[in-house]
Structures are given as structure tokens and as C-alpha cells.
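A.B. asks: show me the folded form of this:
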Amino acid sequence: MQTAHVLIIEDSPALAQTYCDFLAQAGHRADIALRADDATQKLQNNSYDIVLMDLNLPDAHGLSLLMQMRSAGMDVAVIVVTADPSIETAVDAIRAGAQDFISKPVTPARLQLTLANVLEQRALKQIVKGYHHLTRDRFCDFIGGSPAMQLVYGVLENAAQSNAPIFITGESGTGKELAARAIHQLSKRKAGAFEALNCAAVPGNLLESEIFGHTKGAFTGAIGRYTGAAERADQGTLFLDELPEMPPEMQSKLLRFTQSSVFRPLGSMREMTVDVRFVSATNRAPLAAVGEGYLREDLYYRLNVISIHLPPLRERGDDILQIAEALLKKMAVEEGKSFTALADDACRFLQQYPWPGNVRQLQNVLRRTVVLNEGRVLTRDMLVESGGIGLSSLSATTMPSLPVGLPDHAQAIRPLREVERDIVERALQLCAGNITEAARRLDVNASTLHRKLNKWRGGAG
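C.D. replies: Now for the predicted structure:
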């Protein structure tokens, strides 16, 4: 049973004591105020869960006191007690901020039931407040409040406090570098540098120099000393993206570095020791990369102390719209355009499209659409015609099969207009002749499809 600290505001000492006795029987603790000014002082000096308030006080009306409490931001539940049982009085009390209303005379059972209900409502309110605190629409540079991302935010927040190596997985474009930066920003190392290195973008023969640096004359073209990412990240974070793309011999040297924090720049006779936090990432399935020989098993387990997986955009529900709306406003400012909102058909299209390139693809599509169009509201037609995501979203099941009996070279290349017509006819067949539905599935405007069909069928309606 929940217990409460209650303030009884009642001008009759006898009634106030009666209520006090009722509450004590239920295990509650109570204070008494016989006047509004006394009640105000007690409310300022004490923390109460519930106020039991009579409306007819000698120095103020109870509703005036209640409104003053609300204006002062006092988060305390109020139960109004009055001899006036009219509906108007009850409505006025609720509008002023009361949680419940009791008419005199008050019985112990009625008072205890009302208190129990108010306490339960208060407890639920706290739970909801806690849930809203946990449900974040934004986290560092991430946008989206989907359940999948709430889990990611929680892991990022907890992992950031550790120095343990972190391994991030996820499809291309899901925000692995954003996650790595979030870890750095939330960590005790945020004053240090965040160094990001894409192992797939650096030629294998230059990767050692990029990570460990080199001295003057270490190799042809080394005209001066170069400070590598490992040294620059001292006291900070080193992010190694697409780790399985690192050449095997370099993975061996990286393994030693992760174990000892010691490395030697190319051409140097002196070893260096640094304090670096490792965050690695890949868009591959890491264990498959190990099995296929792309990633050393010992290096993987060394760097995979904490695992974080970023969900693809298609599994993030309404996050797609939140991200798209934020990007649209930002890009409109950057490109000097007037776009401020997404049309309903554009919203439906964005949610239905599978986004194989995830957030990065969404960014590119929106950028092209904003650049190539004008207006305040971005529509579905603009996305389809300018964004480059029209027929590409068509599922494989709608692709027509090649005609049999033709030579291989004839089947290999066909005129685009024939392929397009085959695709459209196949889509109409699958949609039972419904042009609107076929157009939706093909990601084209229905009027565009009507025009094409009229052209192909010799103008027949």
C-alpha cells in the first residue's frame, strides 16, 4: 500500500482532526492548516504528496489558493472537500487543477479510496514522465525516437563511460561514424581528438603511415615527419571504419598496437606509447568476414569487447519522416529554397521505399530533389522524378522474364522502351489491371502511367 504525506486545509479544527485520524488509520502522515496563509507557509516549507482542501476558508477561497499553487508550479495532487455538492463547483475545482472532489460529510472509506486513486494516478504520471525521459527523438547527431534507436542510444550512453574497445556493425549509410562520434562526445576523452580513418579508402601501402606516421626519408616522397592518426588520437578516440578492408599484414601490426599501446612510426628507431580508445566498424557480418579470411579472428575479439548494431532505416518506422523533415529544412536553407514541409503522398512514399542505402541514400535523394525543384511543399512526384528512386524500388517479382528461343546476345541487351513496357504490363497484371495501384508499386505518378499506356495502345482510352 502506498503511503502519503498529506496537508489538510480545513477551517474547522474538529473536522481537520477527524480527517487526520482517518488518514492515520490508513498509514498516512498528515499536517493541518486552518487558514490559507498558514497553508501557503506549510507548502513552501514542506514536501507534500496530497493536499486535502476545503473551499471555504476564513481568509481566502480555496480555488484562489489552488490557482496560486498551480501558478507557483507546485506539483502536488489536490483533493477538494466542500459542503457544496453542485456540478458547477466540481467543474470549477477540476479546471483550477484539482485531481478529485469529495462532498461533505466525508466517510473514512470514501477518503481512503480517493487517496488511493490519486496516489495511483501520481505513480503512473511519474512512470510516464520517466518513459518520456527515456524516449528521445534526438541523441547527439542522431534523429529518431523509434524503439530500435532507443536501445542504441542506451548502449551508446553506457559504453561511452568505459575505455573498452567498441565494435559497431550496420549496413552502409546507417550512421556508424555518427555512433563513434557520439561515444567520443559522451566519454571522458571528449577533450582529446577524434580521429576517423576509413580503411577501405586508403591504399594498403599507405595505411601504416596513415595510422602510425613516418619520419623524413622513411620512403620515397616522405619529405618530412608525418604524425599518424594513432599519435593524433592520444588521450582521445581512434575510429577505424571498414576494418576488414585492412590488409592482413597491417592487421598484425594493429593487433600488437591494441595489446600494448606501443607503435613505431615508419623509419623511426624510437617506439611511442599512446593512450587511445579504439572504436571499429564494418558493414559486413563480422564473423563472416573472419570466416572468409578478411578479418583476423584474434584482432576481431580484441576489438569487439562491446558490440553495437545500428538498425537499417527500413526498420526504424517513423524515424524516416523525422529525419527527412529535419534534412529538408536544413537543405532548403543551404540551397536557398523555400521548402518547409513534406506532402502527405511524399510521406507515404518515404515510408514505403526500402532505402537500401539507408540514411545516406535518403540524404542524397532529398538533396537532388531540393536542388531540382521549387515550392514550399515537397511532393511525391518531385521525389520520384528528381530523386532517382523511381523504378529502382520495383521488387524482383515484378521483373519480366526474358523471352525464350532468342540468341544469347539478343536476350542480353534489349531496347529500354521494350523493357519499360514489359515492366509496366507485368505490374498491371499483378495488380489486376488497377492502374493506380500499379503506379504506386512502380513509384510513378498515375497520370504518367496513363500517358504511357495511351501511347503504347495507340491512344485508346
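A.B. asks: helices and strands of the chain: which one bottoms out on pLDDT?
C.D. replies: helix 408-412 (a mean of 46; mean pLDDT, DSSP states H and E).
A.B. asks: average pLDDT across the next helix or strand after it?
C.D. replies: Using DSSP states H and E, the helix or strand that directly follows helix 408-412 along the chain is helix 416-430. Helix 416-430 shows a mean pLDDT of 76.
A.B. asks: packing partners of helix 416-430?
C.D. replies: Using 3 or more Cβ pairs under 8 Å, 6 or more residues apart in numbering; DSSP states H and E as the contact test, the elements touching helix 416-430 are helix 435-442, helix 446-456. To be clear about C-beta, it is placed using only N, CA and C from the backbone, and glycine gets the same treatment.
A.B. asks: flag the shaky bits of the stretch 51-200 of the chain, pLDDT-wise.
C.D. replies: Along the stretch 51-200 of the chain, the model assigns pLDDT under 70 to residues 85-87, 124-134.
A.B. asks: all helices for it, in order.
C.D. replies: 62-71, 87-96, 108-134, 147-160, 176-186 (DSSP state H, counting those that start in this stretch).
A.B. asks: for the first one, C-alpha coordinates in CSV please.
C.D. replies: Taking Å, rounded to 0.1, in the frame of the first residue of the first chain, the C-alpha atoms of helix 62-71 are listed here in CSV:
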residue,chain,number,x,y,z
GLY,A,62,-10.0,27.5,-1.7
LEU,A,63,-10.0,27.9,-5.5
SER,A,64,-7.9,31.0,-5.3
LEU,A,65,-5.4,29.2,-3.2
LEU,A,66,-5.4,26.3,-5.6
MET,A,67,-4.7,28.6,-8.6
GLN,A,68,-1.9,30.2,-6.7
MET,A,69,-0.3,26.8,-6.0
ARG,A,70,-0.5,26.0,-9.7
SER,A,71,0.9,29.3,-10.8
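A.B. asks: could you check the angle that helix makes with helix 87-96?
C.D. replies: Orientation of helix 62-71 against helix 87-96 (axes from the mean of the first three to the mean of the last three Cα atoms, to 10 degrees) gives an angle of 20 degrees.
A.B. asks: cool, and the fourth one?
C.D. replies: In this structure, helix 147-160 runs at an angle of 40 degrees to helix 87-96, with the same axes, to 10 degrees as the basis.
A.B. asks: same question for helix 147-160: list its buried residues.
C.D. replies: Residues 149, 152, 153, 155, 156, 159, 160 are the ones in helix 147-160 that count as buried (16 or more other Cβ atoms under 10 Å).
A.B. asks: for these, which one is nearest residue 7?
C.D. replies: Proximity of these to residue 7 was ranked by Cβ to Cβ; the top entry is residue 153 with 39.6 Å.
A.B. asks: my read: that closest one touches residue 138, true?
C.D. replies: No - with contact defined as Cβ atoms under 8 Å, residue 153 does not reach residue 138; the gap is 9.4 Å.
A.B. asks: for the helices of the stretch 51-200 of the chain, which one ends up most surrounded?
C.D. replies: Sort the helices of the stretch 51-200 of the chain by mean neighbour count, taking mean count of other Cβ atoms under 10 Å, and helix 176-186 sits at the top with a mean of 21.
A.B. asks: give me the angle between that one and helix 147-160.
C.D. replies: Using the same axes, to 10 degrees: helix 176-186 against helix 147-160 is 50 degrees.
A.B. asks: which other residues reach helix 176-186?
C.D. replies: For helix 176-186, the surrounding residues in contact (Cβ atoms under 8 Å, 6 or more residues apart in numbering) are 139-142, 152, 156-157, 159-161, 166, 168-170, 190, 194, 196, 236-237, 239, 241, 277, 279, 281, 283, 308, 310.
A.B. asks: could I get the helices and strands packed on helix 416-430 as JSON lines with mean neighbour count?
C.D. replies: Formatted as JSON lines, those follow (neighbours: other Cβ atoms under 10 Å):
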{"stretch": "helix 435-442", "mean neighbour count": "18"}
{"stretch": "helix 446-456", "mean neighbour count": "14"}
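A.B. asks: could you dump those helices to a markdown table with distance to residue 63 and mean pLDDT?
C.D. replies: Formatted as a markdown table, the helices and strands packed on helix 416-430 follow (distance: least, Cβ to Cβ, whole Å; pLDDT from 0 to 100):
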| stretch | distance to residue 63 | mean pLDDT |
| --- | --- | --- |
| helix 435-442 | 57 | 74 |
| helix 446-456 | 59 | 72 |
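A.B. asks: who wins for proximity to residue 17 among those helices?
C.D. replies: Smallest distance to residue 17 across the helices and strands packed on helix 416-430 (Cβ to Cβ): 72.4 Å, for helix 435-442.
A.B. asks: what's the angle from the closest one to helix 446-456?
C.D. replies: Calculated by the same axes, to 10 degrees, helix 435-442 forms an angle of 110 degrees with helix 446-456.
A.B. asks: which residues sit against stretch 12-23?
C.D. replies: Residues contacting stretch 12-23 (Cβ under 8 Å, 6+ apart): 6, 8, 10, 29-30, 32, 34, 52, 54, 81, 106, 108, 111-112, 115.
A.B. asks: make it 7 Å
C.D. replies: 6, 8, 10, 30, 32, 34, 52, 106, 108, 111, 112 (Cβ atoms under 7 Å, 6 or more residues apart in numbering).
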